[in-house]
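Undergrad: here are the coordinates; sequence isn't available:
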């Protein structure tokens, strides 16, 4: 079956512009996570969705970041007024709410 | 706060055994996971320990000591394809999030 997919794979944007990153989780997975990874660093938790519960937004670094998950499936991470420090790989993962998370290939965001 | 410490880099030769340690200071500990990430690739799940002791999965084993806030990943019969970054991650209750360490880069040479 298909794994987690993300689009676009690469995004170059100018400082101050808004961007939207998309994640298609594995069908049937109830939990969806967003992380970001700066070059040579570990993964930083951003936000977590589980079923119809309110999302855990505790990892979002500022109010410029937001995410939604429609119909319990596809998720979109939006970054408004992008800054250079937002440059990173944004990774989406999904799971059945268990230990094993399945990661997508990521979106490499470059803010110039 | 939450923090996980791992060695930044480990080198070994093919066929050898290597141990990657992870110490953590977190609140709400639920378990310790290990992920492998090749350059340019997505992290892939290797193992999870919720209880103290050793979990074995083929050439890889993972150990946890909750009283010492310590775990390790043991890789046996190393192969060139094992060259990658390895991350330990602490799971919060209900797996609401994973807090990752900064990763250990393993270099396997012939």
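TA: Everything's here; your move. None of these values were measured; they are calculated from a predicted model.
Undergrad: quick one, what contacts the closest residue to residue B:106 other than its chain neighbours?
TA: What sits nearest to residue B:106 in space, not counting adjacent residues and going by CB to CB, 6 or more residues apart in numbering or on different chains, is residue B:10, at 5.2 Å. From N, CA and C alone the C-beta is placed, and that goes for glycine too. Listed by CB atoms under 8 Å, 6 or more residues apart in numbering or on different chains, the contact partners of residue B:10 are B:18, B:20, B:104, B:105, B:106, B:107.
Undergrad: now residue B:10: how far from residue B:103?
TA: Applying CB to CB, to the nearest Å, one obtains 11 Å for the distance of residue B:10 from residue B:103.
Undergrad: state the mean pLDDT of the helix or strand containing residue A:47.
TA: Remark: residue A:47 resides in strand A:43-50, with elements defined by DSSP states H and E. The average of the pLDDT scores along strand A:43-50 is 93.
Undergrad: let me see the residues that make contact with it.
TA: Contacts for strand A:43-50 (CB under 8 Å, 6+ apart): A:30-38, A:55-61, A:65, A:67, A:69, A:75, A:77, A:90-91, A:97, B:43, B:87, B:89, B:94, B:96-100.
Undergrad: what residues of stretch B:77-93 count as buried?
TA: Going by neighbour count (16 or more other CB atoms under 10 Å in any protein chain shown), the buried part of stretch B:77-93 is B:78, B:82, B:83, B:84, B:85, B:86, B:87, B:88, B:89, B:90, B:91, B:92.
Undergrad: within reach of chain A, which of these are there?
TA: Within the set of the buried residues of stretch B:77-93, contact with chain A (CB under 8 Å from any CB of the partner chain) is found for B:87, B:89, B:91.
Undergrad: turn these into JSON lines, including pLDDT and distance to residue B:39.
TA: Formatted as JSON lines, the entries for these read as follows, by pLDDT from 0 to 100; distance: CB to CB, whole Å:
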{"residue": "B:87", "pLDDT": "96", "distance to residue B:39": "14"}
{"residue": "B:89", "pLDDT": "94", "distance to residue B:39": "19"}
{"residue": "B:91", "pLDDT": "87", "distance to residue B:39": "25"}
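Undergrad: distance of residue A:98 from residue A:52?
TA: The separation that residue A:98 has from residue A:52, given CB to CB, amounts to 18 Å.
Undergrad: over to residue A:27?
TA: Using CB to CB, one gets 17 Å for the distance from residue A:27 to residue A:52.
Undergrad: worst-scoring helix or strand of chain A, pLDDT-wise?
TA: The weakest-scoring helix or strand in chain A, judged by mean pLDDT, DSSP states H and E, is strand A:43-50 (a mean of 93).
Undergrad: which element follows that strand toward the C-terminus?
TA: Moving toward the C-terminus from strand A:43-50, the first helix or strand encountered (DSSP H and E) is strand A:65-69.
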